[in-house]
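Asker: Let me see the structure of the following:
(2 chains)
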Amino acid sequence: QKEVEQNSGPLSVPEGAIASLNCTYSDRGSQSFFWYRQYSGKSPELIMFIYSNGDKEDGRFTAQLNKASQYVSLLIRDSQPSDSATYLCAVRRDKFYFGSGTKLNVKP
Amino acid sequence: GAVVSQHPSWVICKSGTSVKIECRSLDFQATTMFWYRQFPKQSLMLMATSNEGSKATYEQGVEKDKFLINHASLTLSTLTVTSAHPEDSSFYICSAQPFDWGNTIYFGEGSWLTVV
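Answerer: As a prediction, this is how the structure comes out:
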């Protein structure tokens, strides 16, 4: 079983819509959860992190954490074509564990 | 803040030679740096964890004698690919964890290595 699971996609949404990206993790001892965005040919960049159950909002992005269900999600409101990228979910315990990423396509 | 610089961005080397990639944290001190490798359209693969002043911890399957890691200061870690072969061609990315703030890691820009 993988430490972090993500649907590889691609997830296609129209411009202006809400994109919902999901991630599950296997170890209940995980404490910190991160979302990174990676454009093709570039290195990942941090979008946001979340430690506590519930929602955390930052601009158009909302991270949601449900430790009981071992589930993390990222919502992107008012999606823009520039949001088209691969989104990596990461979980930290002793080290960082990355999912394989979900490719998001935002269509103009 | 939290800028990590990686150099070179692109490098082409001949098979059998060695190439060094540098990773610098520009505005923070990093006791821990991580080196990843990513093949096209694949996930990040952690190669090793580098701690300042001590030997790197390599992941299973990563040859420590081939991928030499040195973390000589709180702002610099280097990865040397020795006796490079075409199958070593990949995107190498470093990341750094700030010493005294935050619990996250920040990535360098990555280095594309092509071995011909």
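Asker: anything in stretch B:18-34 near chain A?
Answerer: Yes: judged by Cβ under 8 Å from any Cβ of the partner chain, stretch B:18-34 comes into contact with chain A at B:F34. (Glycine included, C-beta is placed from N, CA and C.)
Asker: List the buried residues for that stretch?
Answerer: With burial defined by 16 or more other Cβ atoms under 10 Å in any protein chain shown, the residues of stretch B:18-34 counted as buried are B:V19, B:I21, B:E22, B:C23, B:R24, B:S25, B:F28, B:A30, B:T31, B:T32, B:M33, B:F34.
Asker: Same question for stretch B:91-108.
Answerer: Buried, per 16+ other Cβ under 10 Å, within stretch B:91-108: B:91-98, B:104-108.
Asker: same question, stretch A:101-108
Answerer: So for stretch A:101-108, counting by 16+ other Cβ under 10 Å, buried means A:G101, A:T102, A:K103, A:L104, A:V106.
Asker: Tally up the residues packed near residue 5, please.
Answerer: Here I'm looking at chain A. Counted with other Cβ atoms under 10 Å in any protein chain shown, the neighbours of A:E5 add up to 15.
Asker: ah, no, chain B please
Answerer: 17.
Asker: That one: which element?
Answerer: Assigned by DSSP states H and E, B:S5 belongs to strand B:4-7.
Asker: residue contacts, residue 69?
Answerer: Just going to use chain A. Contacts of A:S69 were listed using Cβ atoms under 8 Å, 6 or more residues apart in numbering or on different chains, and they are A:T24.
Asker: look at chain B instead
Answerer: By Cβ under 8 Å, 6+ apart, the neighbours of B:I69 are B:W35, B:A48, B:S50, B:A56, B:S77, B:T78, B:L79, B:T80.
Asker: per-residue pLDDT, residue 44?
Answerer: Assuming you mean chain A. Note on A:P44: pLDDT of 93.
Asker: Chain B is the one I meant
Answerer: Predicted confidence (pLDDT) for B:L44: 90.
Asker: Who are the contact partners of it?
Answerer: A:P44, A:L88, A:F98, B:Y36, B:R37, B:Q38, B:I93.
Asker: before we move on, back to that, helices or strands up against the strand holding B:S5?
Answerer: Using 3 or more Cβ pairs under 8 Å, 6 or more residues apart in numbering or on different chains; DSSP states H and E, the elements in contact with strand B:4-7 are strand B:19-25, strand B:90-98.
Asker: Okay, now the sheet partners of the shortest one, with direction.
Answerer: Partners of strand B:19-25 in the sheet, by DSSP bridges, are strand B:4-7 (antiparallel), strand B:76-81 (antiparallel).
Asker: about what we covered before: same list (the helices and strands packed on strand B:4-7) but as CSV, adding mean pLDDT.
Answerer: What follows is the helices and strands packed on strand B:4-7, written out as CSV (pLDDT from 0 to 100):
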stretch, mean pLDDT
strand B:19-25, 96
strand B:90-98, 93
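Asker: can those go into JSON lines with extra columns for distance to B:V11?
Answerer: Output for those, formatted as JSON lines (distance: least, Cβ to Cβ, whole Å):
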{"stretch": "strand B:19-25", "distance to B:V11": "6"}
{"stretch": "strand B:90-98", "distance to B:V11": "9"}
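Asker: which one of those lies closest to B:A72?
Answerer: Among the helices and strands packed on strand B:4-7, strand B:19-25 comes nearest to B:A72, with 10.8 Å by Cβ to Cβ.
Asker: And the contacts of the closest one?
Answerer: With Cβ under 8 Å, 6+ apart, strand B:19-25 has contacts from B:3-8, B:11, B:13, B:33, B:35, B:74-81, B:84, B:92, B:94, B:96, B:98, B:106, B:108, B:111, B:113.
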